[in-house]
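In: When you get a sec, could you give me coordinates for this:
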Amino acid sequence: METYLRSCRGVLQSHMKNSSGLLHVVLGNEACDIDSMISALTFAYFLSKTLESGKAAVPILNIPRAEFPLRSDNVFLLRETGLSQDYLLFRDEVDLHGLQQLAITLVDHNVLPEADHALEKAVVEVIDHHRLDRAPSPSCSVTVETVGSCATLVTEHIVQKAPEVLDQQVAQLLYGTIITDCVNMAPEAGKVTPKDSQYAILLETRFPKLPPRSILFQSLQNAKFDVSGLTTEQMMLKDMKTVSGGDLRLAVSVIYMTLESFLQRQRLQQELCEFCHKHSYNLVVAMTISFINDKEPFRQLAVYSSCTLYRDEVSRALEKARNPNLDLSPMSSPYPDVKAYVQGNTLASRKKVLPIILDFLKDRERKMAQSGNLEDLELEDECTQDPSDSQQCCEDSAIEEDSGVPPTPMNSLVEGCPLDNGLPKINAEVLVEKVSKIASEEDRPFEGQ
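Out: From the prediction side, this is the model:
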């Protein structure tokens, strides 16, 4: 594995100079958690051993290299397995859109984000354990099964098609990932499935020198939950996925502490607003997780937006969700722009919450298309934030001086909500008068004609 990873950069550079052969890229999701990373590395390694002559395979981690140190459990597992992160290829180092003769396998996700839509024609295979949102295509092989870990499905592929690829190093990468995703194979965590158990046991049996399960799991958990010294921005980026629809662009982050501890961070609301401004989000969903007795998950959830309309819409969608029911109970929040909840359904991880948000966004877009624009939505959905309720998150003058860019337009999705100061107060009489005036002006011929 080490020799292979060392060679990948040279393979990529050679292909960029001379696109004579096919380059097969294995791409994980934008969170680049341990499952996404290991699935990409090991499946690309498997392809490198099984592809016909003239074809090459490389894994690409779907984050900038600068963000990788935030994935402390990823770093730990690589180090324990004797692999250097220096050999890895990251998304900001490769222009996928500029590559010729390209094939892509998606692991740990099954749909590319909108920014990568042009790459869809290159996707030839999907291996994932999330809900299938991909339209069927004869040119793309799809393996989607709701197991606890995508690494389980990668292990199955290797065992069934090229078992000789498995060695101690590859086995430890896959094994550590499976037991991490499946919370040490504990049934009470609600993640492990019979197939996960089957392949974890197979790896233990074939490679008896693997680290003891509980010791490896606890070491990886300690690494994952170590957020000491991280800023709020780094905590958000550590394990984040993004979704968008219409005028909404959301960040959905897993936060590895209790929500009470997260909400106690100084200047949290301002830091969340600055985070949204910097990364062009207008809403954040923070899903906190901690564990009771190292096994039973305890989940809480927070929704932040400087716009009351967006915050209330998303919160309402999560509260009303029935597939699954999140069993949300409101809890106190020290910030007016943050709604906080205890999540009674502790089995509903982000993998199950994201489809709720995606369905909400699709339904919202459909309603907006039918009504014509956002202002035609029901008045009960008005964005009626009182500016006195919260301090302005980003001082305009400071931001403009620091960024050196022109002022942000009022209708931009980057900063705040255009309706932050409330909709105009319009009653029926005024509306009728305005419509009549417009109609009379349209009937009047233009001057000079």
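In: any idea which helix or strand carries the nearest residue to residue 252 once chain neighbours are set aside?
Out: Of all residues not flanking residue 252 in the chain, residue 285 sits nearest, at 4.6 Å (Cβ to Cβ, 6 or more residues apart in numbering). C-betas here are computed from N, CA, C, even on glycine. Per DSSP states H and E: residue 285 is located in strand 283-292.
In: Using CSV, list the CA coordinates for that strand.
Out: Extracted as CSV, the C-alpha positions of strand 283-292 are listed here (Å, rounded to 0.1, in the frame of the first residue of the first chain):
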residue,chain,number,x,y,z
LEU,A,283,-27.6,28.3,7.6
VAL,A,284,-25.7,25.8,9.8
VAL,A,285,-27.0,22.6,11.4
ALA,A,286,-24.7,21.4,14.2
MET,A,287,-25.3,17.8,15.3
THR,A,288,-23.5,17.1,18.6
ILE,A,289,-22.7,13.6,19.7
SER,A,290,-21.3,12.2,22.9
PHE,A,291,-21.4,8.7,24.4
ILE,A,292,-22.9,7.3,27.6
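In: OK, contacts around the residue nearest to residue 252?
Out: Residues counted as contacts of residue 285 (Cβ atoms under 8 Å, 6 or more residues apart in numbering) are 250, 251, 252, 253, 301, 302, 303, 304, 314, 318, 353, 357.
In: ok, now how distant is it from residue 369?
Out: Per Cβ to Cβ, to the nearest Å, residue 285 is found 24 Å from residue 369.
In: just residue 57 next, same as before
Out: Per Cβ to Cβ, residue 57 is found 41 Å from residue 369.
In: More neighbours: the two, which one.
Out: Per other Cβ atoms under 10 Å, whichever of residue 57 and residue 369 has more neighbours is residue 57, with 23 against 10.
In: give the contact list for that one.
Out: 23, 24, 25, 26, 44, 45, 47, 48, 51.
In: lowest average confidence, helix or strand, in the chain?
Out: Lowest mean confidence among the helices and strands of the chain (mean pLDDT, DSSP states H and E): helix 396-403, at a mean of 35.
In: what residues are up against the residue nearest to residue 168 when sequence neighbours are not counted?
Out: Residue nearest to residue 168 in three dimensions, not counting chain neighbours: residue 207, with 5.7 Å by Cβ to Cβ, 6+ apart. Going by Cβ under 8 Å, 6+ apart, residue 207 touches 166, 168, 171, 172, 175.
In: before we move on, what about residue 254?
Out: Counting by Cβ under 8 Å, 6+ apart, residue 254 has contacts 238, 239, 240, 287, 288, 289, 350.
In: can you rerun that using 10 Å?
Out: 31, 33, 224, 235-236, 238-241, 285-289, 299, 349-350 (Cβ atoms under 10 Å, 6 or more residues apart in numbering).
In: Now go through those residues and say which are in helices.
Out: The helices, defined by DSSP state H, take in 224, 235, 236, 238, 350 from those.
In: Return the member of those nearest to residue 19.
Out: Comparing the ones in helices among the contacts of residue 254 against residue 19 with Cβ to Cβ places residue 238 closest, at 35.8 Å.
In: measure that closest one to residue 251 for me?
Out: Distance from residue 238 to residue 251, by Cβ to Cβ: 12 Å.
In: can you check residue 38 too?
Out: Residue 38 is 24 Å from residue 251, by Cβ to Cβ.
In: Likewise for residue 343?
Out: In terms of Cβ to Cβ, residue 343 sits 18 Å off from residue 251.
In: Now do the strands in the stretch 151-300 of the chain.
Out: 240-245, 248-255, 283-292, 296-304 (DSSP state E, counting those that start in this stretch).
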